[in-house]
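# what would the 3D arrangement of this be:
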Amino acid sequence: MDEEQTICPWCHTEIRWDEELGPEQHCPHCGNELSGYRTLKLGLDDEDEEEVEEVEEEVDWEEEKSYRTQREAVLGDVSELRQYSRDRLALDETMERILDDQLEAPECPSCQEYMLDIGTNDVTSDQFTPRIPEALQAPLLSPPFKVVMYVCPSCFHSVNRLSPQDQERLVRSLAKAAADNQ
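Predicted coordinates:
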């Protein structure tokens with residue numbers, strides 16, 4: 001008996017079914033469902049295509065003109081949209097200049113835009129109590145240290161990251177602890 005074959009509608013990979021296991025429920029390549037649950041099938045014959053063309057030709061242009069007039073009334077003056085576009089371009093240009101000056105530009109975890117460095121926070125012993133891991137018997141990082149704060153200009157999500165100098169200090173501390181345990 002020949003193995004049945006199907007083509008995944010998502011990744012267009014040919015899938016061969018195993019006689020013993022039967023048909024696959026999910027594509028082994030992309031993981032999407034193979035059943036018709038999420039598949040839309042259109043049965044366009046030559047006749048149907050002609051009907052579609054006839055319907056397109058029958059569009060009432062007066063109705064279309066009325067729709068555009070209503071849309072402009074709701075949106076207001078179209079020149080406002082052009083002004084917004086100029087402002088948005090200027091904003092994007094300013095953000096690019098700021099990002100070019102930054103040492104790091106992490107991506108926002110929410111929307112993947114580049115985040116802007118808005119400053120550092122100096123953490124002192126009054127503001128921070130270090131945790132002392134049992135395995136090390138010493139803090140991973142002792143105050144004072146600096147934390148760089150980033151904010152996303154699109155969704156305003158903020159992220160804190162150790163300053164580059166304190167990142168190196170933390171790595172040295174971990175390396176020293178590893179050497180001491182050997």
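# and the strands in this structure?
For the chain, the strands defined by DSSP state E cover 5-7, 14-16, 116-123, 145-151, 158-162.
# what separation do you get for residue 13 and residue 33?
Per Cβ to Cβ, to the nearest Å, residue 13 is found 14 Å from residue 33. The way it works is simple: take the backbone N, C-alpha and C, and place the C-beta from them, glycine included.
# tell me which of the two has more neighbours.
residue 33 (15 against 12; other Cβ atoms under 10 Å).
# how about that one: what's its closest non-neighbour residue?
Counting by Cβ to Cβ, 6 or more residues apart in numbering, residue 26 is the residue found nearest to residue 33 once chain neighbours are left out, at 5.9 Å.
# what's the answer for residue 102, then?
Nearest non-adjacent residue to residue 102 (Cβ to Cβ, 6+ apart): residue 117, at 4.9 Å.
# residue 105: what's it in contact with?
For residue 105, the contacting residues are 99, 114-115, 117, by Cβ atoms under 8 Å, 6 or more residues apart in numbering.
# quick one, domains of the protein?
1-40, 104-180 (automatic domain parsing).
# mean pLDDT lowest where, among those?
Lowest mean pLDDT within the domains of the chain: domain 1-40, a mean of 70.
# tell me where this structure has helices.
Here the chain has its helices, by DSSP state H, at 46-57, 61-75, 78-101, 164-180.
# coming back round to it: out of the contacts of residue 105, who's the most crowded?
Among the contacts of residue 105, residue 115 has the most neighbours (other Cβ under 10 Å), with 25 neighbours.
# picking up where we left off before, going by mean pLDDT, which of the helices of the chain comes out lowest?
Taking the mean pLDDT of the helices of the chain, helix 46-57 comes last: a mean of 54.
# most packed of the domains of the chain?
Most buried of the domains of the chain, by mean neighbour count (mean count of other Cβ atoms under 10 Å): domain 104-180, with a mean of 13.
# once you drop chain neighbours, what's closest to residue 154?
residue 113 is the one closest to residue 154 (Cβ to Cβ, 6+ apart), at 4.4 Å.
# in this structure residue 147 contacts residue 162, no?
Yes. Look at residue 147 against residue 162 with Cβ atoms under 8 Å: they come within range, at 6.1 Å.
# related to what we said a few turns ago, who touches the residue nearest to residue 154 in this structure?
107, 152-155.
# surely residue 133 touches residue 174?
No. Counting by Cβ under 8 Å, residue 133 stays clear of residue 174, with 10.5 Å between them.
# from residue 165, how far off is residue 102?
Distance, residue 102 to residue 165, using Cβ to Cβ: 16 Å.
# make that residue 97, sorry
Taking Cβ to Cβ as the measure, residue 97 falls 25 Å from residue 165.
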